[in-house]
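Participant: Model the structure of this input:
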Amino acid sequence: MDKESSLAFRHLLDLAGAAYNKNINIFSDFLSVREVAVLKRQAADLPGGRFFLFGGIDNAERVMACFPASYYEREDIKFPISCIEIGVKSAKFEQNSLTHRDFLGAILGLGIDRKLIGDIYLITENNKAVKAFIFCNEKIEEFLLREMVQVGRHQVSCIAVSADKVLAVRQIEDKFGTVSSLRLDVVIGEAFNLSRSKVKDLIDKEKVAVNSAVVLQGHYQVTPGDIISVRGFGKFIFYEILGYTKKGKIQIHLGKYC
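Facilitator: You can find the predicted model right below:
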């Protein structure tokens with residue numbers, strides 16, 4: 001475990017110890033994919049040995065960890081997560097090229113720590129960003145609603161919404177392709193039209209995760225239901241194998257999160 005991972009796990013270990021000793025629920029800040037991987041790998045070292053992960057909706061990439069009291073089960077726990085809808089006021093009249101990075105940059109520009117922000121879901125229409133949904137620690141909800149007024153050159157408005165609204169508009173684009181194998185590097189290359197060498201570089205730099213766990217082997221075999229995220233490119237779900245071509249290649253169905 002490198003120094004950064006060791007420090008992150010030590011903090012989580014302290015939270016787990018406090019929850020166990022006081023027999024109360026204690027929540028972490030939002031964790032990165034890498035931090036989640038470390039937590040899962042070292043789970044046996046946690047006092048009490050239990051934790052739950054949630055990021056506002058199922059299959060979120062950035063999640064909080066809850067180290068629960070002994071008498072709590074997952075269904076009893078309410079994570080301190082809020083969802084904010086940020087609408088671009090001029091989206092109907094102006095072209096814009098706002099990206100996930102623009103929304104995140106605007107939030108961090110307000111002095112908010114990245115660890116208080118979960119996933120950001122960008123909604124586009126006709127290649128224009130019209131809104132984004134931001135999951136955040138509930139303690140900064142009021143601040144964001146009051147202070148978040150601009151992203152890039154565009155004025156925005158913010159309202160608190162239910163996470164169900166994200167599920168209703170979350171965009172997943174079907175992608176069909178043909179691959180020579182179900183190796184992780186091959187499937188990622190097909191999903192994002194990347195070369196094998198580019199994918200290898202991303203894997204080597206720990207920018208690839210499968211089901212929220214960093215994977216460092218390009219030969220890792222993906223299976224239906226796996227959710228694969230590639231930092232800087234996006235996330236997709238490997239739905240199914242559709243069949244085989246006459247030359248033995250595999251026909252696959254993916255769902256890319258937009």
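Participant: Not counting sequence-adjacent ones, nearest residue to residue 12?
Facilitator: residue 39 (5.7 Å; CB to CB, 6 or more residues apart in numbering). For glycine as for every other residue, the C-beta is placed from the backbone atoms N, C-alpha and C.
Participant: what comes into contact with stretch 151-169?
Facilitator: The list of residues contacting stretch 151-169 from outside it, by CB atoms under 8 Å, 6 or more residues apart in numbering, reads 56-57, 81-91, 94, 96, 98, 102-103, 106, 121, 123, 133, 135, 141, 144-145, 148-150.
Participant: export it as CSV, just CAs?
Facilitator: In CSV, the C-alpha atoms belonging to stretch 151-169 read as follows (Å, rounded to 0.1, in the frame of the first residue of the first chain):
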residue,chain,number,x,y,z
VAL,A,151,-20.8,27.9,-14.3
GLY,A,152,-18.3,29.2,-16.8
ARG,A,153,-19.9,32.3,-18.4
HIS,A,154,-23.4,30.9,-17.8
GLN,A,155,-25.9,31.9,-15.1
VAL,A,156,-27.4,28.9,-13.2
SER,A,157,-30.1,28.3,-10.7
CYS,A,158,-30.1,25.6,-8.0
ILE,A,159,-32.8,23.6,-6.2
ALA,A,160,-32.7,20.6,-3.9
VAL,A,161,-34.4,17.6,-5.5
SER,A,162,-34.9,13.9,-4.7
ALA,A,163,-32.4,11.4,-6.0
ASP,A,164,-35.4,9.8,-7.8
LYS,A,165,-35.3,12.7,-10.3
VAL,A,166,-31.7,11.7,-11.3
LEU,A,167,-32.8,8.1,-12.0
ALA,A,168,-35.7,9.4,-14.1
VAL,A,169,-33.4,11.4,-16.4
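Participant: Mind listing what's buried along stretch 151-168?
Facilitator: Residues 151-152, 154, 156, 158, 163, 166 are the ones in stretch 151-168 that count as buried (16 or more other CB atoms under 10 Å).
Participant: hmm, which two among the residues you listed are most spread apart?
Facilitator: Pairwise distances across those (CB to CB) peak at 25.7 Å, for the pair 152 and 163.
Participant: For the stretch 151-258 of the chain, give me the ranges with low pLDDT.
Facilitator: Residue ranges of the stretch 151-258 of the chain with pLDDT under 70: 258.
Participant: show me the contacts for the nearest residue to residue 20 once chain neighbours are set aside.
Facilitator: The shortest distance from residue 20 to any residue other than its chain neighbours is 3.8 Å, reached at residue 47 (CB to CB, 6+ apart). If you count contacts by CB under 8 Å, 6+ apart, residue 47 has them with 13, 16-17, 19-21.
Participant: circling back to that earlier point, then the residue nearest to residue 12 would be within a helix, right?
Facilitator: Yes. The assignment for residue 39, made by DSSP: H, G, I helix; E, B strand; the rest coil, places it in a helix.
Participant: could you measure it against residue 48, distance?
Facilitator: In this structure, residue 39 lies at 13 Å from residue 48, with CB to CB, to the nearest Å as the measure.
Participant: which of those two has more neighbours?
Facilitator: Counted by other CB atoms under 10 Å, residue 39 and residue 48 do not tie: residue 39 has more neighbours, with 25 against 15.
Participant: got a list of what that one touches?
Facilitator: 9, 12, 31, 51, 65.
Participant: how much space between it and residue 5?
Facilitator: For residue 39, the distance to residue 5 (CB to CB) stands at 10 Å.
Participant: Tell me which other helices or strands the host helix or strand of residue 129 touches.
Facilitator: Under the criterion DSSP states H and E, the helix or strand holding residue 129 is strand 128-137. Packed against strand 128-137, as judged by 3 or more CB pairs under 8 Å, 6 or more residues apart in numbering; DSSP states H and E, are the following elements: strand 26-31, strand 81-88, helix 100-108, strand 117-125, helix 163-169.
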